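Asker: how would this look folded up:
(one chain, ligands or ions: 1)
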Amino acid sequence: MCRPLLPELAAFLVSCVGSRGHPQWHHAGPARCRCRAMEGFLFPKDSAKFIAENSKDVLIEEEGVRKVAETLFDKVSAKEFSLAGWKSLHELNPQAVSDDAVNWVFLADTLNFSFWSEHEDHKCLVKYRGKMYSGYWSLCAAINRALDDGIPITSAAYYATMTLEQVRHVFRSDTDVPMPLIEERHRILNETGTILLEKFGGSFVSCVKMSEKSALKLLRIIIENFPSYRDEATFKGKKVAFYKRAQILVADTWSVLEGKGDGCFSDISNLTIFADYRIPQVLVHLGVMKYSNELMKKLHEGVMFQTGDQQEVEIRGCSIWCCELICDHLLQLYKKKGQNMRERINSVLLDYYLWDYARDHREDMKEIPIHRVRCIYY
Ligand SMILES: Nc1nc2c(c(CN[C@H]3C=C[C@H](O)[C@@H]3O)cn2[C@@H]2O[C@H](COP(=O)(O)O)[C@@H](O)[C@H]2O)c(=O)[nH]1
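Answerer: Predicted structure coming up:
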């Protein structure tokens, strides 16, 4: 059982004050108040609330929030909504609780971006142990294929100095469509591996131990030390942050360590969902979010967005905020039954559930296009 939340959060908030002198508080509900920002460090929850309150082309449907929360009410105890599901439902994820497994997660989430293809029927696929994998899973299959071939791909000492040709080989596709952004992946591998070697002895386990079982402190360590994780934008003149890969890295670390030992993050519920290009699609499909006609038209035309575009920021920010509302509503439904489910319901587990649901309902969602961005953040 994790130790009570307060010491970690208090320590973190003191560090907020220390770096800024005076945190601006945002009270978003009885149990959750948040330090608004340290220098350059913004809470994605605050960003999402601000974006949702000022969004023009993306609308959150309160009725949809209520319906989805009610639908999920009975799912909360299922393995699809559990921490254990991270391993039991996904054969490519590491099954061990070990330093190697943590460094596997660090490598995977360092490269966890931009797998979508121009044409759904012509894309990068990676064959591993007789099975074809696409999208994010093609990345994991390539990592495991390299390890099986004796390539130490999860070792910072190796990927810090990989050549572009070596990266092309390790992440090669088994179709004529290569994995997108392979040059960026090469640059990020060299950059991230060098930092991990120089500052943390070559292992992400050092960062996890430095976080002292606080998800927020680990999030801050990642953002402050690894530039490719700084997933930020400016919206209506304010600096907003999504930190999608940084948050999923903390969540996957929590998952691979099974919420125990160094991974016993008692403040994990301070993370948001991870604003990628799949979650918005499923939220629109479920009637929780609605796009303006102008935005939907652009999506159907396959218009490319740039990270930081107003409509792209609205899609990501509203996705985060409506999932916060779904979590709150779910907790209220259980509270009415006299049950405090704060240990079983959080945005991480809701995200995993929705992302896996989106994977399994690709066909049902084909009328709702993803928003197309080529970037290293998601
Ligand atoms: N919000 C959210 N986004 C996620 C994930 C994951 C992988 N996590 C899984 C692994 C173990 C856990 O149990 C999760 O099931 C990848 N992505 C993002 O999706 C996109 C890829 O999509 P497609 O092209 O269809 O593969 C891309 O932006 C990638 O960054 C997640 O969990 N949540």
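Asker: can you get me a residue count around the nearest residue to residue 73 once chain neighbours are set aside?
Answerer: The spatially closest residue to residue 73, leaving aside those adjacent along the chain, is residue 333, at 5.5 Å (C-beta to C-beta, 6 or more residues apart in numbering). Quick note: C-beta positions are derived from backbone N, CA and C, even for glycine. Using other C-beta atoms under 10 Å, residue 333 has 18 other residues around it.
Asker: do residue 58 as well
Answerer: The number of residues packed around residue 58, counting by other C-beta under 10 Å, is 26.
Asker: show me what the host helix or strand of residue 108 is packed up against.
Answerer: In this structure, residue 108 sits in helix 99-110 according to DSSP states H and E. With contacts defined as 3 or more C-beta pairs under 8 Å, 6 or more residues apart in numbering; DSSP states H and E, helix 99-110 has these neighbours: helix 135-148, helix 182-200, helix 204-210, helix 244-256.
Asker: rerun at 6 Å
Answerer: Helices and strands touching helix 99-110, as assessed by 3 or more C-beta pairs under 6 Å, 6 or more residues apart in numbering; DSSP states H and E, comprise helix 204-210, helix 244-256.
Asker: tell me which of those sits most buried.
Answerer: Using mean count of other C-beta atoms under 10 Å, the stretch among the helices and strands packed on helix 99-110 with the largest mean neighbour count is helix 244-256, at a mean of 26.
Asker: before we move on, back to that, let's have the helices and strands packed on helix 99-110 in CSV, adding distance to residue 357.
Answerer: Formatted as CSV, the entries for the helices and strands packed on helix 99-110 read as follows, by distance: least, C-beta to C-beta, whole Å:
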stretch, distance to residue 357
helix 204-210, 29
helix 244-256, 17
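Asker: right, and the ones you listed - which one's nearest residue 292?
Answerer: helix 244-256 (23.4 Å; C-beta to C-beta).
Asker: quick check: what element follows that closest one along the chain?
Answerer: helix 279-285.
Asker: does the ligand have contacts with that next one?
Answerer: Yes: with C-beta under 6 Å from any ligand atom as the threshold, helix 279-285 lies in contact with the ligand, specifically through residue 279.
Asker: what's the answer for stretch 90-109, then?
Answerer: Yes: with C-beta under 6 Å from any ligand atom as the criterion, the ligand is reached by stretch 90-109 at 90, 93.
Asker: and the contacts of that stretch?
Answerer: Contacts to stretch 90-109, defined as C-beta atoms under 6 Å, 6 or more residues apart in numbering, come from residues 87, 140, 154, 204-205, 245, 248-249, 252-253, 256-258.
Asker: avg pLDDT for it?
Answerer: When pLDDT is averaged along stretch 90-109, the result is 98.
Asker: with just CA atoms, put that stretch into CSV.
Answerer: C-alpha atoms of stretch 90-109 as CSV (Å, rounded to 0.1, in the frame of the first residue of the first chain):
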residue,chain,number,x,y,z
HIS,A,90,-0.3,-6.5,-23.9
GLU,A,91,2.1,-9.2,-24.8
LEU,A,92,4.7,-6.8,-26.1
ASN,A,93,5.0,-4.9,-22.8
PRO,A,94,7.8,-6.1,-20.5
GLN,A,95,6.3,-8.6,-17.9
ALA,A,96,9.1,-8.3,-15.4
VAL,A,97,9.6,-5.8,-12.6
SER,A,98,13.2,-4.9,-13.2
ASP,A,99,15.7,-2.2,-14.1
ASP,A,100,15.7,-3.5,-17.7
ALA,A,101,11.9,-3.3,-17.8
VAL,A,102,12.0,0.4,-16.6
ASN,A,103,14.7,1.2,-19.3
TRP,A,104,12.5,-0.5,-21.9
VAL,A,105,9.6,1.8,-20.9
PHE,A,106,11.9,4.8,-21.1
LEU,A,107,13.1,4.0,-24.6
ALA,A,108,9.6,3.2,-25.8
ASP,A,109,8.1,6.4,-24.5
